[in-house]
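> any chance you could fold what I've pasted below:
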Amino acid sequence: MVTTADGTAVIRQTEGGLPLGVEEDADYPTSRLTLEPGETIMLCTDGLIETGGHDMLSGWDRLRPVLEQHTTDLEKLADALVQAVHGPTSHYTTGPLADRREDDIALLLLRSDGGIGRRPAPRRIALTIAQAEPERIAAARQQLRDLLHDWADPEQVDAAVLMISEMATNVLVHTDGDALMLAQATGEQGERLLRVEVSDGSDELPHKRRPGEMASSGRGLVLMEMLADAWGVDPRGAGKSIWFELNESGPGTGAEAGTEGVPVG
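Okay, the predicted model is just below:
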């Protein structure tokens with residue numbers, strides 16, 4: 001879990017592996033994350049998340065407010081996280097798996113120096129959606145909602161989630177490779193710019209179509225033209241990147257805002 005400099009807590013997806021000690025010569029995948037100034041990363045065992053009969057989802061919902069309320073002192077944050085699951089009031093937050101066995105807790109908090117009290121650093125998330133894991137599209141949608149939890153216009157958030165779902169699905173359906181999603185929100189609250197890119201390894205550029213009412217595909221670029229303030233397709237050597245932008249300061253103007261990058265059609 002990463003908390004940005006402005007106090008927004010999000011889950012950063014990483015590659016999983018076997019539990020330690022199960023296989024002596026296991027090859028564990030490595031995930032690399034870059035912390036911006038003022039960002040905090042929390043590493044923990046599942047004992048912190050699932051204590052009290054919680055699963056990963058309900059346990060995260062319980063801990064997220066704690067992460068977002070304590071943005072300065074790491075020692076106080078660590079104490080607050082443990083108290084949230086073992087303190088006097090934790091018994092009133094029993095999760096859906098009441099019979100689950102309790103486990104030990106290991107917790108590590110790290111913060112990149114700087115950023116607190118300064119101009120907010122960009123919020124960003126990055127996620128790879130593999131051909132073999134289409135269910136991660138749902139994770140991408142949720143991470144984008146978390147990133148935009150305080151966005152001024154909820155309809156813009158819904159539009160962004162819809163577009164990212166279409167973009168990622170198109171990569172998995174029309175190419176043989178994985179989709180890499182990068183989303184970034186920059187600027188002051190109320191006047192932020194959201195830019196979302198989905199990259200893949202295919203050189204074939206998408207073409208805008210006008211699907212019929214009963215068509216099951218072909219709506220991705222049409223939706224972006226309707227919902228985004230700007231969008232485009234950029235060649236990236238061996239591959240391409242499809243992107244869109246939304247301005248928080250006003251409603252999207254779609255095609256009236258124009259497009260950039262490679263023309264499609």
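> low-confidence ranges in the stretch 101-250 of the chain?
Residues of the stretch 101-250 of the chain that meet the criterion pLDDT under 70 lie in 101-102, 114-121, 207-220, 250.
> distance from the chain centre to stretch 173-192, please.
9 Å (Cα atoms, centre = their mean, to the nearest Å).
> check stretch 37-52 too.
16 Å.
> next, the buried residues of it.
38-40, 42, 48-52 (16 or more other Cβ atoms under 10 Å). The way it works is simple: take the backbone N, C-alpha and C, and place the C-beta from them, glycine included.
> for T14, state which of the residues you listed is nearest.
Ranked by distance to T14 (Cβ to Cβ), those are led by M42 at 12.6 Å.
> pretty sure that closest one contacts L109?
Yes: M42 is within contact range of L109, at 5.6 Å (criterion: Cβ atoms under 8 Å).
> next, show the common contact partners of the two.
Between them, M42 and L109 share no contacting residue under Cβ atoms under 8 Å, 6 or more residues apart in numbering.
> for the buried residues of stretch 37-52, give me JSON lines that also has distance to G190, pLDDT and secondary structure.
Formatted as JSON lines, these follow (distance: Cβ to Cβ, whole Å; pLDDT from 0 to 100; DSSP: H, G, I helix; E, B strand; the rest coil):
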{"residue": "G38", "distance to G190": "20", "pLDDT": "80", "secondary structure": "coil"}
{"residue": "E39", "distance to G190": "22", "pLDDT": "84", "secondary structure": "coil"}
{"residue": "T40", "distance to G190": "24", "pLDDT": "89", "secondary structure": "strand"}
{"residue": "M42", "distance to G190": "28", "pLDDT": "89", "secondary structure": "strand"}
{"residue": "L48", "distance to G190": "34", "pLDDT": "86", "secondary structure": "helix"}
{"residue": "I49", "distance to G190": "33", "pLDDT": "85", "secondary structure": "helix"}
{"residue": "E50", "distance to G190": "37", "pLDDT": "82", "secondary structure": "helix"}
{"residue": "T51", "distance to G190": "38", "pLDDT": "81", "secondary structure": "coil"}
{"residue": "G52", "distance to G190": "37", "pLDDT": "76", "secondary structure": "coil"}
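> nearest to T128, out of these: which one, please.
Using Cβ to Cβ, these come closest to T128 at E39, 20.3 Å.
> where exactly do the helices run in the stretch 51-200 of the chain?
56-69, 74-86, 136-147, 154-174 (DSSP state H, counting those that start in this stretch).
> save these as JSON lines, and put in distance to I105 and mean neighbour count too.
Listed next are the helices of the stretch 51-200 of the chain as JSON lines, based on distance: least, Cβ to Cβ, whole Å; neighbours: other Cβ atoms under 10 Å:
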{"stretch": "helix 56-69", "distance to I105": "12", "mean neighbour count": "16"}
{"stretch": "helix 74-86", "distance to I105": "7", "mean neighbour count": "16"}
{"stretch": "helix 136-147", "distance to I105": "23", "mean neighbour count": "18"}
{"stretch": "helix 154-174", "distance to I105": "33", "mean neighbour count": "19"}
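> quick one: closest of the ones you listed to M181.
helix 136-147 (5.3 Å).
> tell me how far that closest one is from the chain's mean position?
5 Å.
> contact partners of that helix?
Residues contacting helix 136-147 (Cβ under 8 Å, 6+ apart): 8-11, 13, 123-125, 127-130, 157, 160-161, 164-165, 168-169, 172, 181, 183, 185, 196.
> closest to S249 out of the helices of the stretch 51-200 of the chain?
S249 sits nearest to helix 154-174 of all those, at 10.6 Å, using Cβ to Cβ.
> report the inter-axis angle for that closest one versus helix 136-147.
Orientation check (axes from the mean of the first three to the mean of the last three Cα atoms, to 10 degrees): helix 154-174 against helix 136-147 gives 160 degrees.
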